[in-house]
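In: Generate a structure from the sequence data that follows.
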Amino acid sequence: MIPVKAVLGSGTEAVSSSDGFNIDTSPPLFDPDLMLYIDVTQGNFTPVTYQGSNDTIKAIWKCNDNESEIVNYDWAIGKTPGGEELQTFVSAGEYPTSTNSDLGGLLEHNTTYYVTVRCTNGGGLVTTYADPRGVTVLLKSPLVDDVITTIQGADPLGETVTPPNSIATKDQNIVGASWTVSDDESIRRYDFCVGNSETSISDIFPCTWVGYNESGTITVADGYLKLNGNVVYTLSQLKTNYNASNTTTDRSAFTMAPGTEMFIFMKMCNEAQLCTTILLGSTIVETDKSSMATSSDGSAVTVDVGGGARRKRDVSGVTVSTPDGLQTGQSIVVTELTKLDLETEYKSDASVEFVPYITDPSTSTTEDAFTDRILRKRLNYQETDLSFSLTSIGNLPMPGPVKVTFTYDPTVTNTTLMLLHWNTDAKQWQQSNKTCQHETGTEVRDPGTSRVMVKVSVSISSQSHR
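Out: Numbers count the residues shown, from 1 in each chain. So this is what the prediction gives:
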């Protein structure tokens, strides 16, 4: 406090004093642990050391000054600690954060940029902090050519099969993969995914973080997700609408139908959340009633199914024939479905998107909601009827319709044998001879040979019933 006395010529005087003031002789203190970079492509509050934004650098920092407080921040951006190549010092006011979103065309892939901060306190003292760590800009997905992956619990279909990474399993309740860690140090996340095609990568098992920066083996088995043999989650915990009361921890929690082809993926992401997804291969679920045919030269292949069974209806089996013009090594698998196959509940407790292609015809064909309008009240399913699945290995397209041929008794006029399929999208039984919109002669009945030929588009669901 400084007192002041004023005296007039008359001798009158007055005394006053100020409230006092502090003299700040210490500069602000910068906290290096709170020098943070934010990747705006990942949100506004998640600190990063790598970023995917190609035009913005955002930083948050903290200076402390208990004497006169911070009255102004200036910040700069450079290619070296303390540098100003991208931005000279600009005031951020009293706010300990700032963003420059005008750096399009200046930020380069795999390059580190550094923020320098000047903190000025009320006494005019300045502390300058040149961050030595910086943020590295990543604009490309990681290279993962060095990662070695293997599908677990399945066997190769053979060297002549296309695609060559197609394999088979007879275990309906297990799927898994192993991987080696990448040399790319920016990769921080390894995801495991299973889908029903190359474009639908996670409807069977959702993409799930299973590894950080080390090799491992992931397995779906016994109702659990296991990493290197150790339980990580119950499968139902991975479902979006997880309910602990509905948890199943046995083999049935993951059950795939015969003929199902699982496409197995690993997704590897760097800290900028740029990802590379690779297809390990596809695994088809087979049974003892599965038959495979492979085209060695692109010509048509044929598979017979169900010929050895005695049935009440006068039929002797089904022949499935592909068109010519296949890829060399292209293969089909036809599986006769048993009563147990049709009655089993197929599910993946981890997924809200999984839809099995099999439904039990003994119950669904009697419900109007599950039959095409023209078939309602007209179907007479018998347990001795033949049901089968048709799978094009690798989900390879056919150059034309598949022909399904079966016998019938032309002297029987009160019933008609039909080829039906279960449409998973419409959730209905439909006539298979209606699947080829631009074909003629989609169903031909020959009384002389007692044979019926039906042309089928392979884009339909693969469960068929005759």
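In: and Thr322, what does it touch?
Out: When contacts are counted by C-beta atoms under 8 Å, 6 or more residues apart in numbering, Thr322 touches 293, 295, 300-302, 330, 332, 398, 402. The C-beta positions use only the backbone N, C-alpha and C, and glycine is treated the same way.
In: In helices only, show me these.
Out: Using DSSP state H, no member of those falls within helices.
In: Selection in PyMOL covering whichever of the residues you listed are buried, please.
Out: Filtering those down to the buried ones (16 or more other C-beta atoms under 10 Å) takes a single PyMOL command:
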select buried, resi 293+295+300+301+330+332+398+402
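In: If we only consider the contacts of Thr322, which is nearest to Trp179?
Out: Ranked by distance to Trp179 (C-beta to C-beta), these are led by Gln330 at 28.4 Å.
In: so the closest one makes contact with Asp297?
Out: No. Judged on C-beta atoms under 8 Å, Gln330 makes no contact with Asp297 at a distance of 10.5 Å.
In: This structure: helices as residue ranges?
Out: Using DSSP H, the helices of the chain run over residues 339-343, 361-364.
In: May I see the buried residues of the longest one?
Out: Across helix 339-343, burial judged by 16+ other C-beta under 10 Å covers 341-342.
In: For it, the averaged confidence score.
Out: Mean pLDDT, helix 339-343: 96.
In: Going forward, count from 56.
Out: I'll keep to 56 as the first residue from here, and by that count the last item is helix 394-398.
In: May I have it exported as PDB, CA atoms only?
Out: The C-alpha coordinates for helix 394-398 follow below in PDB (Å, rounded to 0.1, in the frame of the first residue of the first chain):
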ATOM      1  CA  LYS A 394     -34.200 -83.300 -40.600                       C
ATOM      2  CA  LEU A 395     -31.800 -82.200 -37.800                       C
ATOM      3  CA  ASP A 396     -30.200 -79.700 -40.100                       C
ATOM      4  CA  LEU A 397     -33.600 -78.100 -40.800                       C
ATOM      5  CA  GLU A 398     -34.700 -78.000 -37.200                       C
END
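In: could you dump the helices of the chain to a markdown table with distance to Asn99?
Out: Output for the helices of the chain, formatted as a markdown table (distance: least, C-beta to C-beta, whole Å):
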| stretch | distance to Asn99 |
| --- | --- |
| helix 394-398 | 52 |
| helix 416-419 | 50 |
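In: Mind splitting this protein into its structural domains?
Out: Following automatic domain parsing, one gets these domains for the chain: 84-192, 204-340, 345-520.
In: circling back: kindly reformat the contacts of Thr377 as a markdown table and extend each row with distance to Pro416 and pLDDT.
Out: Below are those laid out as a markdown table (distance: C-beta to C-beta, whole Å; pLDDT from 0 to 100):
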| residue | distance to Pro416 | pLDDT |
| --- | --- | --- |
| Ala348 | 25 | 96 |
| Ser350 | 31 | 96 |
| Ala355 | 29 | 97 |
| Val356 | 27 | 97 |
| Thr357 | 25 | 97 |
| Gln385 | 29 | 97 |
| Ile387 | 22 | 96 |
| Met453 | 25 | 95 |
| Val457 | 20 | 97 |
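In: any idea which of the contacts of Thr377 is closest to Trp116?
Out: Comparing the contacts of Thr377 against Trp116 with C-beta to C-beta picks out Gln385 as the nearest, at 60.3 Å.
In: Tell me how far that closest one lies from Phe320.
Out: 22 Å (C-beta to C-beta, to the nearest Å).
In: How about Leu212?
Out: The gap separating Leu212 from Phe320 is 19 Å, by C-beta to C-beta.
In: Give me the contacts around stretch 270-278.
Out: For stretch 270-278, contacts defined as C-beta under 8 Å, 6+ apart pick out 207-208, 228-236, 245, 247, 249, 260, 265-266, 280-284, 289-290, 302-309, 404-405.
In: Poorly predicted segments of the stretch 406-521 of the chain, please.
Out: Residue ranges of the stretch 406-521 of the chain with pLDDT under 70: 514-521.
In: ok, what's across the strand from the residue lying closest to Gly213 once chain neighbours are set aside?
Out: Leaving aside its sequence neighbours, Gly213 sits nearest to Thr349 (C-beta to C-beta, 6 or more residues apart in numbering; 7.2 Å). Beta bridges link Thr349 to Ser386, judged by DSSP bridges.
In: From Val358, how far off is Thr349?
Out: Noted for Thr349: a distance of 11 Å to Val358, by C-beta to C-beta.
In: Can you give me the buried ones in stretch 196-209?
Out: 197, 199, 202, 204, 206-209.
In: What does the pLDDT read for Tyr245?
Out: Reading off the model, Tyr245 has pLDDT 96.
In: what's around it, how many residues?
Out: 25 (other C-beta atoms under 10 Å).
In: and the closest residue to it other than its chain neighbours, what does it touch?
Out: Leaving aside its sequence neighbours, Tyr245 sits nearest to Gly266 (C-beta to C-beta, 6+ apart; 3.4 Å). Residues near Gly266 by C-beta under 8 Å, 6+ apart: 234, 236, 244-245, 273, 282.
In: same deal with Asn109?
Out: Here Asn109 is in contact with 158-159, 162, 192, 194 (C-beta under 8 Å, 6+ apart).
In: distance of it from Leu158?
Out: Asn109 is 8 Å from Leu158, by C-beta to C-beta.
In: again, but for Thr471
Out: 71 Å.
In: Which one of the two is surrounded by more residues?
Out: Using other C-beta under 10 Å, the more surrounded residue of Thr471 and Leu158 is Leu158, with 17 against 11.
In: Do I have it right that Thr224 meets Ala209?
Out: Yes. Contact criterion C-beta under 8 Å: Thr224 and Ala209 qualify, at 4.1 Å.
In: can you tell me which residues contact the residue nearest to Gly213?
Out: 213, 215-216, 356, 384-386.
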